[in-house]
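1. only geometry, no sequence info:
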């Protein structure tokens, strides 16, 4: 996982990356139009479809980080004046709202305090009341560690011309993400969380229904780099592959190898491993006297926000973990800054041995105070 | 450079990447907030300033390919209704115009046929006549191989509130690019041309004058991912580093190593090597009876468009070079499709031995017909 001088990555991402995944990026570079690379692009698309449990033809990695995936979805699905219901229970829901505004939409916020989940009924109700064109939620809020229930949203939106957009940056690969079964119209993720590849790409899948809306836009999206119709032409499987931008060859090869690693473990076992490892962490933290931000029924296994005990300096705790124990965890974001630290057990990093190493380090830090 | 099964990359990019540059991406991953990585981010900024001959505080790699650099510049520098003079003598000038339109500006095209350079006086005249807010040109047109003169533009714009934007995707590193001396307000590049790093990042430098305009925009740019003010806060040297997106750690480490490689060769020698290698190619092509698209006075050394002789099938020529000789060259873009093939001698790939290998392969192809 991690050795020598390199820290063990137990923060909110990037997560630890397997050596074979890193080495895939170090193979001699080939051109972005080389037939062997084109075959690898197709393989990546096919593996992403399997991972997202979808048959969506439009499924590919955007050439930017998770936030570029968010912007690609919003820039293409939202038109001037569209009402968009956004669930906001953390920093990333707020970010979606900001992007909707920048691309001309009107965000309607459905807010609950950071650390809580949003009742699906409330989201549906606002969408129906306001005849919303889009409903967006964050599946696993990286700023809090809440796993937002999303399975009943699509049925609640039936009959409305309202697309369902899901941020799966932290959830994809760690918990079930059933794009087709849950009626999700667009979903983006990042490579540096449960996929355990380096940061830099954003898998994105878009339903045929949503892509029809993209094709019938009144005006092209403001973003050319993230224009889904141009990207579809470029990533065109076995087709003309109309030149758009130069694909980030090395990063895509890393992602391909990371997806192959994922396929070697059945999805159910992978999800069970994330949950088992998280429960091991939660039990150990309780023994040490730590309390958690999110209640267990909506707590995501991949990311745990730990409340900072009274009298403990959060920044000093993180500095000590990194400097004295070689472990990186994350700080709190937004209103949680200084109030929580965040432990990520994602992908390749979700191992009980990593949890044990962290628990020992935390115990040592508490003793030393 | 290239060995075994991997093709020798002599197309329009990606160019050959040194092993040590590839291996830099394969080092165990660290977090994007790790102090050692932050130091590497600062080092990249400093090396980019040196390469661009600028003191611009805002100098950093955008987390996307060269086209993302173009979009970052346009999205932030252009406001609704701004008149923008765009020099168009190839595909990439046309792309700038398209981006200006998408971000609300009004492109005023100054066009000459593909393969010719645009008189600086014409660009200046239109900018002055129309009180343009921006003048944009492509320094080295990757679609043709024209090196556009840009040294007298800034002085011609004096007294106007007109920013000078330069596309240096293919020129940076291969020919002199003097941002401060030539009065350039914003300049972007790509990593996969003369910097000889994998594709995926777009160095961007912005003058204080241009950044002042960004700060005084009437509305934020449509793009959040490419918002320069947010990026400045994130890349903030020694400052607060306000979280924006997760930096593509592995790609940035590769770029850092590529920039270190560049620094080991004095700039004047590097430019001389590109020119010498190109002249070796041009002489060899002439001996084989090939003619070139661009006249020598405005021909860029890094990219040569070779006219396809009568009776030769351009696609068959490229297929044979790749399959029989392991050499990748590029096809023609836009109106030049089928009429030229493009030879890139960029960065690490600009070596006379590579030229000799290509010339032998071309001679063999011609003999075999």
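-> Right, received. Where do you want to start? Note that the structure is predicted; figures quoted are calculated from it, not measured. Residues are numbered from 1 along each chain as shown, chains lettered A, B, ... in the order given.
2. all helices for chain A, in order.
-> A:19-24, A:35-52, A:66-77, A:91-102, A:120-129, A:153-156, A:208-215, A:228-234, A:249-263, A:267-287, A:314-325, A:352-368 (DSSP state H).
3. what comes up buried for the last one?
-> Spelled out, it's helix A:352-368. A:354-355, A:357-359, A:361-362, A:365 (16 or more other CB atoms under 10 Å in any protein chain shown). From N, CA and C alone the C-beta is placed, and that goes for glycine too.
4. what does that helix rub up against?
-> A:1, A:8, A:10, A:276-277, A:280-281, A:284-285, A:288-290, A:317, A:320-321, A:324-325, A:327, A:329, A:343, A:345 (CB atoms under 8 Å, 6 or more residues apart in numbering or on different chains).
5. that one to helix A:267-287, inter-axis angle?
-> 10 degrees (axes from the mean of the first three to the mean of the last three CA atoms, to 10 degrees).
6. for the fourth one, same thing?
-> Interaxial angle, helix A:91-102 versus helix A:267-287 (the same axes, to 10 degrees): 120 degrees.
7. residues in the stretch 251-369 of chain A within reach of chain B, list them.
-> A:251, A:254, A:322, A:328, A:333 (CB under 8 Å from any CB of the partner chain).
8. spatially nearest residue to the last one, not counting backbone neighbours?
-> Sequence neighbours aside, residue A:143 is the residue nearest to residue A:333 in space, at 4.3 Å (criterion: CB to CB, 6 or more residues apart in numbering or on different chains).
9. okay, how far is it across stretch A:164-181, tip to tip?
-> Stretch A:164-181 has an end-to-end distance of 13 Å (CA to CA, to the nearest Å).
10. which ones are touching the residue lying closest to residue A:296 once chain neighbours are set aside?
-> Once flanking residues are discounted, residue A:296 sits nearest to residue A:282: 7.5 Å by CB to CB, 6+ apart. By CB under 8 Å, 6+ apart, residue A:282 lies in contact with A:292, A:296, A:299, A:304.
11. state the pLDDT value of the second one.
-> The predicted structure scores residue A:296 at 97 on the pLDDT scale.
12. next, count neighbours for it.
-> 9 (other CB atoms under 10 Å in any protein chain shown).
13. against residue B:32, how distant is the spatially most central residue of chain A?
-> Residue closest to the average C-alpha location in chain A (CA atoms, centre = their mean): residue A:169, at 0.7 Å. From residue A:169 over to residue B:32 the distance is 14 Å, taken as CB to CB, to the nearest Å.
14. now swap in residue A:179 and tell me
-> 28 Å.
15. now do residue A:120
-> Taken as CB to CB, the span from residue A:120 to residue B:32 is 33 Å.
16. what about these two, which has more around it?
-> Shown here are residue A:120 and residue B:32; by other CB under 10 Å, residue B:32 has more neighbours (23 against 18).
17. which ones are touching that one?
-> A:14, A:199, B:246-247, B:249.
18. among the residues you listed, which one has the most neighbours?
-> In those, the most neighbours by other CB under 10 Å go to residue A:14, 31 neighbours.
19. could I get the contacting residues of that one?
-> A:192-193, A:198-199, B:29, B:31-32, B:246, B:249.
20. please apply the same query to residue A:40.
-> By CB under 8 Å, 6+ apart, the neighbours of residue A:40 are A:252-253, A:256.
21. ok, residue A:65 to chain B distance?
-> Residue A:65 sits at a distance of 5 Å from chain B (criterion: CB to the nearest CB, to the nearest Å).
22. can you list the low-confidence ranges for chain A?
-> Applying pLDDT under 70 to chain A picks out residues A:1-4.
23. try 80
-> A:1-5, A:238 (pLDDT under 80).
24. would you mark the buried spots in stretch A:270-285?
-> Quick answer for stretch A:270-285 (16+ other CB under 10 Å): A:270-271, A:273-278, A:280-282, A:284-285.
25. next: stretch A:71-91.
-> A:71-79, A:82-91.
26. try stretch A:94-114
-> For stretch A:94-114, by 16+ other CB under 10 Å, it's A:94-105, A:107-108, A:110, A:112, A:114.
27. run the chain-centre distance for stretch A:154-169.
-> Counting by CA atoms, centre = their mean, to the nearest Å, stretch A:154-169 is centred 18 Å from the centre of its parent chain.
28. sorry, that was for stretch A:350-367
-> Using CA atoms, centre = their mean, the offset of stretch A:350-367 from its chain centre is 25 Å.
29. what's the answer for stretch A:186-198, then?
-> With CA atoms, centre = their mean, you get 5 Å for stretch A:186-198.
30. how about stretch A:315-335?
-> The answer for stretch A:315-335 is 21 Å, by CA atoms, centre = their mean.
31. kindly check the end-to-end length of that stretch for me.
-> 15 Å.
32. contact partners of it?
-> A:2, A:5-12, A:90-91, A:94, A:114, A:143, A:305, A:308, A:314, A:337-344, A:357-358, A:360-362, A:364-365, A:368, B:30-31, B:33-34, B:243.
33. please redo it, this time with the cut-off set to 6 Å
-> A:7-12, A:91, A:114, A:143, A:339-343, A:358, A:361, A:365, B:31 (CB atoms under 6 Å, 6 or more residues apart in numbering or on different chains).
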